[in-house]
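Colleague: sequence unknown, structure follows:
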């Protein structure tokens, strides 16, 4: 009997292929964008209280305040912790991630600052879970036992989008700077031109802050989180009568 060829069957569609990682420059802009749904725009990080107390009155005062935070807080604690977390995500080192997380949360000197770090980190994890639900780093995050705080959450996103440590720190630093300048525009208040001058002055100092953080990445004993004025004003902001920003 003649052999009849089996009629061809229509190929069944497979699962969608994952989208390729964006170019590093685009990933940096994506993660530092105010449109990222983590709520950074809703916090002034005590700047509103500094304005209310008369510590910041104008553009010059805003520049001094933000420069102090960049040099005394971000470069010495937030960014080094993020750099160490970035390496830990890359190695899948849950013990090290827990160690960095414990340090960050223990050094948030007010309930406001601690809750901000926890909320933004949790929101970053939620966003990544929706964006890249099958990414293997999410399984590492699940082993933490708690949602990552902000430096861990941001570097989780940076690793997932393929950013190296230096680019991750630049994106994290600029994200902070952009949100703080926007806060200054609203609560000092300042005009758009003043905001651009603040960005121009402080963006020039950001690379050295990131370089310092990378040098401190393997020296957690040298990290410092001592900013008493920031702590006092943040505590005052928690009960400030009239506020534009979240506490």
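Modeller: Structure's in. What do you need? These numbers were taken from a predicted model, which means no experiment stands behind them.
Colleague: show me where this structure has strands.
Modeller: Under the criterion DSSP state E, the chain contains no strands.
Colleague: What is the burial count for residue 146?
Modeller: Residue 146 has 12 neighbouring residues, counting by other Cβ atoms under 10 Å. The C-beta positions use only the backbone N, C-alpha and C, and glycine is treated the same way.
Colleague: So what's the residue count around residue 197?
Modeller: As a burial measure, residue 197 scores 16 neighbours (other Cβ under 10 Å).
Colleague: Likewise for residue 129?
Modeller: Count around residue 129 with other Cβ under 10 Å applied: 13.
Colleague: Without its sequence neighbours, what residue ends up closest to it?
Modeller: Excluding the flanking residues, the one nearest residue 129 by Cβ to Cβ, 6 or more residues apart in numbering is residue 138, at 6.2 Å.
Colleague: List the residues that contact that neighbour.
Modeller: By Cβ atoms under 8 Å, 6 or more residues apart in numbering, the contact list for residue 138 reads 125, 128, 129, 132.
Colleague: Spatially nearest residue to residue 222 (excluding sequence neighbours)?
Modeller: residue 216 (5.5 Å).
Colleague: So that neighbour is in contact with residue 76, correct?
Modeller: Yes: shown here, residue 216 and residue 76 form a contact pair, counting by Cβ atoms under 8 Å, at 7.4 Å.
Colleague: which neighbours do these two share?
Modeller: residue 223.
Colleague: any idea how far the nearest residue to residue 27 once chain neighbours are set aside lies from residue 219?
Modeller: In this structure, residue 27 finds its nearest non-sequential neighbour in residue 161, 4.1 Å apart by Cβ to Cβ, 6+ apart. Shown here: residue 161 relative to residue 219, a distance of 27 Å by Cβ to Cβ, to the nearest Å.
Colleague: who's more crowded, the two?
Modeller: residue 161 (23 against 10).
Colleague: hey, which helix is longest across this protein?
Modeller: helix 165-187 (DSSP state H).
Colleague: So which elements touch that one?
Modeller: Judged by 3 or more Cβ pairs under 8 Å, 6 or more residues apart in numbering; DSSP states H and E, helix 165-187 is in contact with helix 24-32, helix 47-52, helix 59-69, helix 79-91, helix 150-160, helix 192-203, helix 206-216.
Colleague: hey, which of those helices is tucked in deepest?
Modeller: Ranked by mean neighbour count, those are led by helix 150-160 with a mean of 27 (mean count of other Cβ atoms under 10 Å).
Colleague: neighbouring contacts of it?
Modeller: Contacts for helix 150-160 (Cβ under 8 Å, 6+ apart): 27, 31, 38, 78-79, 81-83, 85-86, 89-90, 97, 100-101, 104, 116-118, 120-125, 127-128, 132, 135, 137, 141, 144, 147-148, 167-168, 171-172, 175.
Colleague: Turn the helices and strands packed on helix 165-187 into CSV, columns for mean pLDDT and distance to residue 109.
Modeller: Compiled in CSV, the helices and strands packed on helix 165-187 are given as follows (pLDDT from 0 to 100; distance: least, Cβ to Cβ, whole Å):
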stretch, mean pLDDT, distance to residue 109
helix 24-32, 95, 25
helix 47-52, 97, 13
helix 59-69, 97, 13
helix 79-91, 98, 15
helix 150-160, 98, 15
helix 192-203, 98, 23
helix 206-216, 98, 20
